[in-house]
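**Q** need the 3D shape of this:
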Amino acid sequence: MAAATATRPLPCLTLEAARIASAAAEEKAKQMGIDFNIALVDSTLHLLHFTRMPNAKLTSIQIAIDKAFTAAGHRAPTSNYSNAPAAKNFLPGGPAYGIHNSNGGRFTLIGGGVPIVVDGVVVGAIGVSTGTPAQDEEVARAGVEALNRRKGGAKL
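**A** Residues are numbered from 1 along each chain as shown. Reported below is the predicted structural model:
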C-alpha cells in the first residue's frame, strides 16, 4: 500500500497563458469600441495579470479583479449569479442572499467573470469590467476562447 501524501499538485494558469487571454480580450474590446479593465487570476485566486485600457473606468479596476476571483474560486461564471435560473437564490429572501458580503466583500454577483478550465480543472479565471455585464462577459469569453484554441501551442 502506498503511503499517503500531505500534498497534491495544483494546476495553475501560467503568465504566458494569462497574457494570451488578456490580449484576445483587449482585441475584442477594441472591436467593440470600449476600453475595459481585464484581470486574470490563477487557481490560487491571486492576481496574475492585469490590463487597464486607457479609458476604462477607474472604479472598475477592483471589480474586474473580484470577478476573476469569484469565477476561479467558485469555478463558475459570475453571470450564473444574475442571469441563470438559480439567480433567485441570491436575491433578497433567497437562501444564498448575502453571499456578496463573503470573502471580505470580494464575492461578486455581476457578470463578466469566467473560469479557465483545462482538462476539466479550473486553472484560473478572467474578470472584465467597465461595460454592461453582458459586454464584460463577451470580452472575458474572448480571452477564454483564445486559450481554448491554443491549448497545444501555449503552456497553460
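**Q** Three-state assignment for residue 7, please.
**A** Following DSSP: H, G, I helix; E, B strand; the rest coil, residue 7 is assigned to coil.
**Q** any idea how far it lies from residue 119?
**A** Separation of residue 7 from residue 119 (C-beta to C-beta, to the nearest Å): 20 Å. All C-beta spots, glycine's among them, are computed from the backbone N, C-alpha and C.
**Q** the more surrounded of these two?
**A** Between residue 7 and residue 119, residue 119 has the larger neighbour count (other C-beta atoms under 10 Å), namely 8 against 5.
**Q** ok, and the closest non-adjacent residue to that one?
**A** Distances taken as C-beta to C-beta, 6 or more residues apart in numbering put residue 11 closest to residue 119, at 8.0 Å, once the chain neighbours are dropped.
**Q** quick check, the one you found in contact with residue 120.
**A** No: in this structure, residue 11 is not within contact of residue 120 by C-beta atoms under 8 Å, at 10.2 Å.
**Q** could you pull out the helices in this protein for me?
**A** 15-32, 61-74, 133-149 (DSSP state H).
**Q** so what's the model's average confidence on the longest one?
**A** If you average the pLDDT over helix 15-32, you get 98.
**Q** tell me the angle it makes with helix 61-74.
**A** Helix 15-32 and helix 61-74 are oriented at 130 degrees to each other (axes from the mean of the first three to the mean of the last three C-alpha atoms, to 10 degrees).
**Q** tell me what helix 15-32 is packed against?
**A** Under the contact criterion of 3 or more C-beta pairs under 8 Å, 6 or more residues apart in numbering; DSSP states H and E, helix 15-32 touches strand 37-42, strand 47-52, strand 121-129, helix 133-149.
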